[in-house]
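Enquirer: Okay, predicted coordinates and the sequence, questions at the end:
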Amino acid sequence: MALEIERKFLLPEYPEQRIQDGELKIHTQQNIDQTYLAIEDGQELRVRKITDLDSGEVTFTHTFKDGKGISREEIEYFISEGLYNQMIEAVKAVPLIKKRLTGEWNGTTVEIDVYTQLELSVLEVEFDSLEEAESFKAPEWFGEDVSTDRKYSNKTVWKELQNKSSR
């Protein structure tokens with residue numbers, strides 16, 4: 001199983017000026033529809049529909065994650081559109097929709113997620129080791145470090161969205 005090591009920051013404002021100045025170079029832009037199939041005791045099973053906004057290409061993934069905190073085990077693989085649709089139909093849930101920008105800042109790859117159904121933007125940085133993640137000094141513009149704050153985990157945000165939709 002692969003290990004995902006990441007830190008997450010509550011992005012206070014979209015870094016438009018940094019992009020315009022070339023300080024933050026955007027490489028890809030995607031729309032992601034994310035739906036959880038199962039969530040229990042630090043484990044999650046989800047599917048995604050990912051649309052590349054530059055090419056229009058659409059891909060589908062199935063992911064299993066296990067663990068809590070900044071280091072978690074992860075298995076992710078591509079699935080067919082038909083299988084994705086079957087799973088979505090089975091759970092009858094509202095997908096969490098976000099626009100993801102992947103870019104480079106100061107030699108570091110960053111992912112900015114702007115959630116379209118909520119007033120929320122986060123910036124994530126993935127690392128090769130726990131030591132690297134723990135020693136990383138984020139600039140002030142990244143915002144508050146919410147890496148271990150469950151309130152900002154995708155599964156928590158998705159659950160809140162389901163509760164709002166069922167009212």
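Expert: The structure has been received and is ready for your questions.
Enquirer: got a list of what residue 159 touches?
Expert: 36, 39 (Cβ atoms under 8 Å, 6 or more residues apart in numbering). Where C-beta positions appear, they are placed from N, C-alpha and C, glycine not excepted.
Enquirer: That one: which element?
Expert: helix 154-165 (DSSP states H and E).
Enquirer: Can you give the distance from that helix to the centre of its chain?
Expert: Taking Cα atoms, centre = their mean, to the nearest Å, one finds helix 154-165 lying 14 Å from the centre of the chain it belongs to.
Enquirer: now swap in stretch 1-12 and tell me
Expert: Stretch 1-12 sits 8 Å away from the centroid of its parent chain (Cα atoms, centre = their mean).
Enquirer: For the helix holding residue 159, list every residue counted as buried.
Expert: Buried residues in helix 154-165, defined by neighbour count with 16 or more other Cβ atoms under 10 Å: 154, 155, 157, 158, 161.
Enquirer: who does the nearest residue to the third one once chain neighbours are set aside bridge with?
Expert: In other words, residue 157. Of all residues not flanking residue 157 in the chain, residue 96 sits nearest, at 6.2 Å (Cβ to Cβ, 6 or more residues apart in numbering). Listed beta-bridge partners, residue 96: residue 34 (assigned using DSSP bridges).
Enquirer: Run a quick check on residue 96 versus residue 35, I expect a contact.
Expert: Yes - between residue 96 and residue 35 there is a contact under Cβ atoms under 8 Å: 7.3 Å.
Enquirer: Now residue 151: phi and psi?
Expert: phi -60, psi -30 (degrees, to the nearest 10).
Enquirer: Pretty sure residue 152 sits against residue 10.
Expert: Yes - here residue 152 reaches residue 10: they are 6.6 Å apart, a contact under Cβ under 8 Å.
Enquirer: between the two, what contacts are shared?
Expert: Contacts common to residue 152 and residue 10, judged by Cβ under 8 Å, 6+ apart, are 122, 146.
Enquirer: okay, and for the chain, where does confidence drop off?
Expert: Residues of the chain that meet the criterion pLDDT under 70 lie in 167.
Enquirer: The residue positioned nearest the centre of it and residue 60: what is the separation?
Expert: The centre of the chain sits closest to residue 113, judged by Cα atoms, centre = their mean, with a distance of 6.3 Å. According to Cβ to Cβ, to the nearest Å, residue 113 stands 18 Å off from residue 60.
Enquirer: That'll do, ta.
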